[in-house]
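Enquirer: sequence and predicted structure, then a few things I'm wondering about:
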Amino acid sequence: MSDLAHGQGVDATCSRAGCRAVAGWRIDWRNPRIHAADRRKTWVACDEHVGYLREFLAARDFPVWVAPLSPAETETTR
């Protein structure tokens, strides 16, 4: 997956293991035990898995932010 912080797009395929659906959601998160407050990781998710991935991260007490994935952030690589 590309780094959004540097203005590059992301692979628009859902980050859920085994899912090949087109992603429509951006999930930003960080592990406060190992990441500085300004560091965030990004996953992308399809409609079916956005809730699952959000809950997976929230259950581990990771700060999580979910937003629609904008067309400017995507580049389809297949």
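Expert: Ah, there it is.

Enquirer: residues in contact with residue 15?
Expert: 1, 23, 27, 43-45, 49, 53 (CB atoms under 8 Å, 6 or more residues apart in numbering). Where you see a C-beta, it was placed from the backbone N, CA and C, and this is true even at glycine.

Enquirer: if I look at residue 69, how far off is residue 62?
Expert: Using CB to CB, to the nearest Å, residue 69 is found at 19 Å from residue 62.

Enquirer: which of the contacts of residue 15 sit farthest apart?
Expert: Farthest-apart pair in the contacts of residue 15 is 1 and 49; separation 15.1 Å (CB to CB).

Enquirer: looking at these two, which has the bigger crowd around it?
Expert: Shown here are residue 1 and residue 49; by other CB atoms under 10 Å, residue 49 has more neighbours (21 against 15).

Enquirer: now the phi/psi pair for the residue lying closest to the more buried one once chain neighbours are set aside, please.
Expert: Distance criterion CB to CB, 6 or more residues apart in numbering; nearest residue to residue 49, sequence neighbours excluded, is residue 16 at 4.0 Å. Phi and psi for residue 16, reported as degrees, to the nearest 10, are phi -60, psi 130.

Enquirer: walking through this protein, point out its strands one by one.
Expert: 10-11, 25-29, 41-45, 64-68, 74-75 (DSSP state E).

Enquirer: any idea which of the ones you listed gets closest to residue 58?
Expert: Nearest of those (CB to CB): strand 64-68, 5.4 Å.

Enquirer: select, out of the strands of the chain, the one closest to residue 35.
Expert: strand 41-45 (7.5 Å).

Enquirer: that older thread, buried ones among the contacts of residue 15?
Expert: Buried by 16 or more other CB atoms under 10 Å: 23, 27, 43-45, 49, 53, out of the contacts of residue 15.

Enquirer: let me know the outermost residue of this structure.
Expert: residue 33 (19.0 Å; CA atoms, centre = their mean).
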